[in-house]
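Engineer: Output the structure for:
(chains A and B, ligands or ions: 2)
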Amino acid sequence: MLQIQNVSKTYPNGTQALKNVSFDVKDGEFLVVIGLSGSGKSTLLRCINRLIDPTEGKIIWDGVDITAAPPAELRNIRRKIGMVFQQFNLVKRSSVMTNVLSGRLGYVNPWMSLLGIWPAEEKQRALEALGRVGIADKAHNRADALSGGQQQRVGIARALMQDPKLILADEPVASLDPVLSHSILQYLEQLNKEGITVICSLHFLDLVHRYATRVVALKDGVKVFEGTAQEIDRAKFKEIYGEEAQEVRAASL
Amino acid sequence: MPRETANSHPVARSGLASVFVPGLGQFLLGERYRGVGILLGFLLILGTTAWYGEPFWYASPILIWVWNIWDAVSLAGGRARSILLPLAFGLAAAYGIGWQVVEIDFSKANVDRAIAILRPMARPDFVQPRREVNQMWVPVQVPCSSEPPLARREDEGKTAFVMPDCGGVGETLIVSASGLWPNAETNIYWQNPIGNPLMLGEGEITMLTLTSDENGAVTAAIRVPSTALVAAPDPTLPQFHRVYFEQYRPTGGYELSFIGNEVLKGALATVSMALLATGLAMVFAIPLSFLAARNLMGGNPVTYAIYVVVRTLLNILRSIESLIIAIIFVVIVGLGPFAGMLALALHSVAALGKLYSEVIEGIDPGPIEAIRATGANWLQVVRYAVIPQIVPPFTAFTIYRWDINVRSATVIGLVGGGGIGFLLIELIRVNNMRGVSAVFIAIAFIVIVLDYVSAKLRERLV
Ligand SMILES: Nc1ncnc2c1ncn2[C@@H]1O[C@H](COP(=O)(O)OP(=O)(O)OP(=O)(O)O)[C@@H](O)[C@H]1O
Ligand SMILES: [Mg+2]
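Structural biologist: Ligands and ions are numbered 1, 2, ... in the order given. Just a heads-up that it's a prediction; the model follows:
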């Protein structure tokens, strides 16, 4: 279980991106975080694996305080948390294979990895991960030679390499078209069914309804809702997204 | 008619004002920018003409002045005149003066001279027909001792002798050789005891060339060269000089000529000088570029100060032509490729440092964050997220710089920086136009090939 306890984040320039946010994520959940642009979704997800250090509060995962972990332990925690990004964040000039293998950096011998030498079984594992997302044939292409949907699948394969117990997905489909969005989210759903906890930020409510087992909504860094997608009625929607959005999106509810 | 007077008064006034000070009329009519512009333009043209001192061009400011009065009068009537006209006058003057300043004079072109230079250039001295040499020599004593030895020598079936066996400067000798190739051109020349060849032909500046007879024999009457004893420590001391007989014949095919060989050596020196300079520059530019990258150094005031200093230094260094730096280094370390190499390296440090730092500033933070998220350590993040992003553009820029440096190295050679440029200036000095032409071809070849290679390599990197 992941416990977010009174987490706040103030950036050095004074922006308060998170204000006293608390909630729990049970193992096996598909938790979706929603909120307007700038509401703090990315900040929240990055606090969980401490790509960003929260200013206040604790994040406890299976009894271990992530926020207090020293560097070596933090790296051990991180390797169990896969992350998928809106902009895919692949190393564009490297091959798909290298990108996927890099998901394994927390496990292999660091010196060998610095030389770029990978054990045969890790390469096998990478091919299997690519096979799972259906692009094993692209292993030796350059990452930027792939389409957006394919790149995001490489991103998922990279996360899979970590043998994760938790996957953080920060708007994984925001730069993809609706059809591709479903195909990517279905991979995440599949992983979720296999027992991996997923925390995913999303923009579109129809996607939230389809995939979320539970929803947390943020507004200006404050948690304004926690519950199932079905519980988001017009009043809640208005509270989360504001007056104007309601008029535009009301029909979709 | 009150209207008429009201109108004619400003016409007269502004026209008159512009007669005395160009633009004043316009200024008084409220067209201030126009007035000031006319005055400044007029003064500029007037000043330029006065400075150049060619009376003919005073026509331009005068025409502008006339136009300005016309414009002032029209403006008072509510209608401005197009400024295209004075602009054209001004440009005509500027262009004409420019023409004279650069002393354009087609009558100076000397067609005969051009032909004298261009004709040998049509036959670049790069290769020559391969040939073999048949050589024979015989010793002869100069000046005579009391008992001169026999001036006769036999070698591989060839015989050569001189009669008499010795002689003084200016005396006539009969030289003869047999057993040479028959019916072949034979060069005959003198060699003093320290090994310098001396010509025996007309006026001692041309080669004495005869054709051997059908039995392979030549005989000639020569004079002991006037300069035969110039290098001798004691001209009264008898010493052995030599008379050489030399025949050549083509053996088919071609070989590098002497100049061709020099051109190749020069080209190699230039390319490797550029390569060395680029490599050296890279070594210094890489660490400097990190200091000159804003995204790395912008964090706190101390690093930011370092950033500003390094950036400024690089910018200053980059603005100095490598040719100028080369001249300074020639003074410091002397003529030769070393000076040129150092100059290129220094200039390249600045140029590469800036390009590299821009690459670093353009790094995508996304992959860095992604690799950190996998639990990788710092070195692994650098290896898997930073290096893949900077190495290809670094390499591309370095190759590009090498390409530029080869061109600069050629020019730097001209000021004594060694390599093919130095060879070029030497050949021009001795008026060896066939050699010059070979150098031109070599430079063109290097530049084109390198341009192509570097473009292809860079294509693969981006
Ligand atoms: N590195 C940073 N420095 C300062 N302020 C930041 C930084 N990153 C984000 N912010 C600010 O923090 C707030 C929350 O940003 P965050 O990126 O977490 O929002 P988000 O919900 O992910 O938005 P989006 O949907 O646009 O991705 C915003 O006001 C943003 O401007
Ligand atoms: Mg975001």
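Engineer: And the residue of the stretch 101-250 of chain A that's closest to chain B?
Structural biologist: At 2.8 Å from chain B, A:Gly106 is the closest residue in the stretch 101-250 of chain A, using C-beta to the nearest C-beta. (Each C-beta comes from the backbone N, C-alpha and C, glycine too.)
Engineer: what's near enough to touch that residue?
Structural biologist: By C-beta atoms under 8 Å, 6 or more residues apart in numbering or on different chains, A:Gly106 lies in contact with A:75-76, A:78-79, A:162, B:374-376.
Engineer: Closest one of these to B:Ser176?
Structural biologist: Within those, proximity to B:Ser176 (C-beta to C-beta) peaks at B:Ala376, which comes in at 90.0 Å.
Engineer: and the residue in the stretch 51-200 of chain A that ligand 1 sits nearest to, how many neighbours?
Structural biologist: Closest residue of the stretch 51-200 of chain A to ligand 1, C-beta to the nearest ligand atom: A:Glu171 (6.2 Å). Residues near A:Glu171, counting by other C-beta atoms under 10 Å in any protein chain shown, number 20.
Engineer: Now do the contacts for the nearest residue to it once chain neighbours are set aside.
Structural biologist: Spatial nearest neighbour of A:Glu171, chain neighbours left out: A:Gln86 (4.1 Å); criterion: C-beta to C-beta, 6 or more residues apart in numbering or on different chains. By C-beta under 8 Å, 6+ apart, the residues touching A:Gln86 are A:170-172, A:174-175.
Engineer: Most neighbours of all the residues you listed, which one?
Structural biologist: Result: A:Pro172 is most packed of these (other C-beta under 10 Å), 27 neighbours.
Engineer: Next, it: secondary structure please.
Structural biologist: coil (DSSP: H, G, I helix; E, B strand; the rest coil).
Engineer: ok, it - contacts?
Structural biologist: A:84-86, A:152, A:155-156, A:184-185, A:188, A:200.
Engineer: just checking, which of the residues you listed belong to strands?
Structural biologist: Counting by DSSP state E, the contacts of A:Pro172 place A:84-85, A:200 in strands.
Engineer: Report the mean confidence score over the host helix or strand of B:Met273.
Structural biologist: B:Met273 belongs to helix B:258-291 when assigned by DSSP states H and E. In this model, helix B:258-291 has a mean pLDDT of 92.
Engineer: For the residue in the stretch 101-250 of chain B positioned nearest to chain A, which residues are in contact?
Structural biologist: Closest residue of the stretch 101-250 of chain B to chain A, C-beta to the nearest C-beta: B:Phe126 (43.1 Å). B:Phe126 makes contact with B:256-257, B:259-260, B:263, B:438, B:441, according to C-beta under 8 Å, 6+ apart.
Engineer: Ligand 1 contacts on chain A?
Structural biologist: Within chain A, the positions adjacent to ligand 1 are A:11, A:13, A:15, A:17, A:35, A:37-43 by C-beta under 6 Å from any ligand atom.
Engineer: Kindly recompute the last result at 8 Å.
Structural biologist: Within chain A, the positions near ligand 1 by C-beta under 8 Å from any ligand atom are A:9, A:11-13, A:15-18, A:35-44, A:46, A:52, A:86, A:170-171, A:174, A:201, A:203, A:218, A:221.
Engineer: And the helices in the stretch 1-150 of chain A, which stretches?
Structural biologist: For the stretch 1-150 of chain A, helices defined by DSSP state H, counting those that start in this stretch occupy the ranges A:41-48, A:71-78, A:96-101, A:110-114, A:120-132, A:148-161.
Engineer: JSON lines for the ones you listed, including distance to B:Pro143?
Structural biologist: Putting the helices of the stretch 1-150 of chain A into JSON lines (distance: least, C-beta to C-beta, whole Å) gives the following:
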{"stretch": "helix A:41-48", "distance to B:Pro143": "101"}
{"stretch": "helix A:71-78", "distance to B:Pro143": "95"}
{"stretch": "helix A:96-101", "distance to B:Pro143": "86"}
{"stretch": "helix A:110-114", "distance to B:Pro143": "82"}
{"stretch": "helix A:120-132", "distance to B:Pro143": "90"}
{"stretch": "helix A:148-161", "distance to B:Pro143": "94"}
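Engineer: Just put these in JSON lines and tack on mean neighbour count, mean pLDDT and distance to B:Pro193.
Structural biologist: Formatted as JSON lines, the helices of the stretch 1-150 of chain A follow (neighbours: other C-beta atoms under 10 Å in any protein chain shown; pLDDT from 0 to 100; distance: least, C-beta to C-beta, whole Å):
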{"stretch": "helix A:41-48", "mean neighbour count": "24", "mean pLDDT": "96", "distance to B:Pro193": "90"}
{"stretch": "helix A:71-78", "mean neighbour count": "16", "mean pLDDT": "94", "distance to B:Pro193": "83"}
{"stretch": "helix A:96-101", "mean neighbour count": "26", "mean pLDDT": "96", "distance to B:Pro193": "74"}
{"stretch": "helix A:110-114", "mean neighbour count": "15", "mean pLDDT": "94", "distance to B:Pro193": "69"}
{"stretch": "helix A:120-132", "mean neighbour count": "16", "mean pLDDT": "95", "distance to B:Pro193": "77"}
{"stretch": "helix A:148-161", "mean neighbour count": "25", "mean pLDDT": "95", "distance to B:Pro193": "83"}
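Engineer: For the residue of the stretch 51-200 of chain A closest to ligand 1, grab phi and psi.
Structural biologist: As for A:Glu171, its main-chain torsions (degrees, to the nearest 10) stand at phi 40, psi 60.
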